[in-house]
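Q: Sequence plus predicted model, see below.
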Amino acid sequence: MSSLEIVAVLISVIGVTLTIRRNMWCWWFNFLAFVLYAYLFFTFKLYGETILQFFFIVVNFYGFYHWLKGKQQDHEIRIEPIAIKTVIFQMILAALGGLLFGLSLHYFTDAALPMLDSQLAAFSLLATYWTSRKHIATWILWVFVDIVYVGMFIYKDLYPTAGLYAAFVGLAAYGWWQWEQVKKKQLTAQFKGI
């Protein structure tokens, strides 16, 4: 356990909490968490997670822009639907991307857990993209991904980070519930406006 890991954990909790609340500051806290974790994961030879943090940074800026644009149009951050066919297609793409990335890590690096690391990275990237698009499905995916992360981080002796991801499971479940409540309010307001 390092002071860097503890700071990264605290910053991450703030970022996810702000995301649940649909607060624009979430993107800045998440950005800082990604930078801190990129360094930490690199030192533990979790290269998939390291590279994922850089993808997160890119998607983070996209999400910030997308939320800001939506907020300027609607004066709030609206939750958007996603089609089941789109969910299935994007999950298949994530699985295939994770497989290719895992094979690359396996054959070209000394990665500690190349296949698990790469699949988690791929599905985390998909969940982050869904967050940027304001899809409730993001929280469902995060629940499952974070549960697997807990096991991986325990295996790698990253106990504060494992605890963080255990908390993320609860936060993701809460985020799912909270966004469902907001969605109902938005639909009711939309219905009354007709």
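A: Here it is on my side, so go on. These numbers were taken from a predicted model, which means no experiment stands behind them.

Q: List the buried residues of the lowest-mean-pLDDT helix or strand in the chain.
A: Ranking every helix and strand in the chain by mean pLDDT, DSSP states H and E puts helix 47-74 at the bottom, with a mean of 82. The neighbour-count check on helix 47-74 (16 or more other Cβ atoms under 10 Å) flags 47-53, 55-56, 59-60, 63-64, 66-67, 70 as buried. The C-beta positions use only the backbone N, C-alpha and C, and glycine is treated the same way.

Q: For that helix, what is the distance to the chain centroid?
A: Mean C-alpha position of helix 47-74 versus that of the full chain (Cα atoms, centre = their mean, to the nearest Å) differs by 10 Å.

Q: And it, what does it pack against?
A: When contacts are defined as 3 or more Cβ pairs under 8 Å, 6 or more residues apart in numbering; DSSP states H and E, helix 47-74 packs onto helix 26-43, helix 84-108, helix 114-132.

Q: Tell me which of the ones you listed is the most buried.
A: helix 114-132 (a mean of 22; mean count of other Cβ atoms under 10 Å).

Q: okay, that one in CSV with CA atoms only?
A: Output of helix 114-132 as CSV, limited to C-alpha atoms (Å, rounded to 0.1, in the frame of the first residue of the first chain):
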residue,chain,number,x,y,z
PRO,A,114,-2.8,-10.4,-19.9
MET,A,115,-6.1,-12.0,-20.8
LEU,A,116,-8.0,-10.9,-17.7
ASP,A,117,-6.4,-7.5,-17.7
SER,A,118,-7.3,-6.9,-21.4
GLN,A,119,-10.9,-8.1,-21.1
LEU,A,120,-11.5,-5.9,-18.1
ALA,A,121,-9.8,-3.0,-19.9
ALA,A,122,-12.1,-3.5,-23.0
PHE,A,123,-15.3,-3.7,-21.0
SER,A,124,-14.2,-0.7,-18.8
LEU,A,125,-13.7,1.3,-21.9
LEU,A,126,-17.1,0.4,-23.2
ALA,A,127,-18.7,1.3,-19.8
THR,A,128,-16.9,4.6,-19.9
TYR,A,129,-18.2,5.3,-23.4
TRP,A,130,-21.7,4.5,-22.3
THR,A,131,-21.2,6.9,-19.4
SER,A,132,-20.2,9.6,-21.8
